[in-house]
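Engineer: below: sequence and its predicted model.
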Amino acid sequence: MRIEAKNISFRYGAKSPWILQDVSLSVEEGERVGLVGPSGYGKSTLIRIMAGYLRPQKGEILLDGKPLPRKGVSPVQLIYQHPEKAINPRWKMKKVLQESGMYRDEVMEALGIEKDWLERYPRELSGGELQRFCVARSLFHGTHFLFADEMSTMLDVITQAQIWNLMLKEVEERRLGLLMVTHNKELAKKICDREIHLEEINSKEL
Ligand SMILES: Nc1ncnc2c1ncn2[C@@H]1O[C@H](COP(=O)(O)OP(=O)(O)OP(=O)(O)O)[C@@H](O)[C@H]1O
């Protein structure tokens, strides 16, 4: 499988400046790609467009040549910095996981998710605890691409390692495609087999 951003142009409003102009890139299944570029340059915007969270004014996102499915749990899963915004505040964690059909004991264990957290609401968990649920949910069986946007910035080093170890194991075993945004060059070097520099593929002038 392959995900492709084709000639994407985007701005947040009709009078706002263009953030992305004529941007194209693709990621294959089994590939681990870092998306890098200066702060405020549009990395999060691009990854959100590619995950289907934002609609570009021009261009399209194709999964094996077809538009992203609009219904059901997406084969492209985005994990971002604010887990509290990604989870329905009115649902207990158990329901959050059930919705995606995702419950594997080994994943819960690898992520250090404790059984009694399942009975809690999102507001009753810390940011790091909630992020583990976002990671667990993103690994449901229909996932083909994992997008991580500064996913682990808020976590302590041990939790970061725990989460990345599990993600990389899943990426390897299931040949998932990984696209990650991070400012941590060491982490990107360790994880990715190639880097895309947004400045080089964005026709927008700096
Ligand atoms: N919801 C929004 N409405 C209007 N402008 C926005 C919105 N979100 C982001 N922007 C602007 O779009 C530009 C790109 O932001 P984006 O978050 O995509 O950059 P980034 O490369 O991910 O930045 P960083 O590395 O600092 O996280 C910035 O100028 C930002 O101020």
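Structural biologist: Sure thing, it's come through.
Engineer: ok, now which ones touch P89?
Structural biologist: The neighbourhood of P89, defined by Cβ atoms under 8 Å, 6 or more residues apart in numbering, consists of Y121, P122, R123. (C-beta placed from N, C-alpha, C; glycine too.)
Engineer: the nearest residue to the second one once chain neighbours are set aside: neighbour count?
Structural biologist: Nearest residue to P122, sequence neighbours excluded (Cβ to Cβ, 6 or more residues apart in numbering): I87, at 4.8 Å. Applying other Cβ atoms under 10 Å, we find 20 residues neighbouring I87.
Engineer: in this structure, which spans are strands?
Structural biologist: 2-10, 20-28, 32-36, 58-63, 66-67, 76-79, 145-149, 177-181, 194-197 (DSSP state E).
Engineer: quick one: the first one near the ligand?
Structural biologist: No - no part of strand 2-10 sits near the ligand under the criterion Cβ under 6 Å from any ligand atom; the closest distance found is 9.0 Å.
Engineer: tell me the angle of that strand relative to strand 20-28?
Structural biologist: 170 degrees (axes from the mean of the first three to the mean of the last three Cα atoms, to 10 degrees).
Engineer: in its sheet, which strands sit next to strand 2-10, and in what direction?
Structural biologist: strand 20-28 (antiparallel), strand 58-63 (antiparallel) (DSSP bridges).
Engineer: now, of those strands, which is deepest in the fold?
Structural biologist: The highest mean neighbour count among the strands paired with strand 2-10, using mean count of other Cβ atoms under 10 Å, belongs to strand 20-28: a mean of 18.
Engineer: picking up where we left off before, now the strands paired with strand 2-10 as a markdown table including mean pLDDT and distance to the ligand?
Structural biologist: Formatted as a markdown table, these follow (pLDDT from 0 to 100; distance: least, Cβ to the nearest ligand atom, whole Å):
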| stretch | mean pLDDT | distance to the ligand |
| --- | --- | --- |
| strand 20-28 | 96 | 9 |
| strand 58-63 | 96 | 16 |
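Engineer: E119 contacts L97, correct?
Structural biologist: No - using Cβ atoms under 8 Å, E119 makes no contact with L97, being 12.0 Å away.
Engineer: which one of these two is surrounded by more residues?
Structural biologist: L97 (21 against 10).
Engineer: can I get stretch 132-141 in PDB? Just the C-alpha atoms.
Structural biologist: The C-alpha coordinates for stretch 132-141 follow below in PDB (Å, rounded to 0.1, in the frame of the first residue of the first chain):
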ATOM      1  CA  ARG A 132      -0.900   5.500  25.800                       C
ATOM      2  CA  PHE A 133      -4.600   5.000  25.000                       C
ATOM      3  CA  CYS A 134      -4.200   7.000  21.800                       C
ATOM      4  CA  VAL A 135      -1.300   4.800  20.800                       C
ATOM      5  CA  ALA A 136      -3.200   1.600  21.700                       C
ATOM      6  CA  ARG A 137      -6.200   2.800  19.700                       C
ATOM      7  CA  SER A 138      -4.100   3.700  16.700                       C
ATOM      8  CA  LEU A 139      -2.800   0.100  16.400                       C
ATOM      9  CA  PHE A 140      -6.200  -1.500  15.500                       C
ATOM     10  CA  HIS A 141      -6.000  -4.300  12.900                       C
END
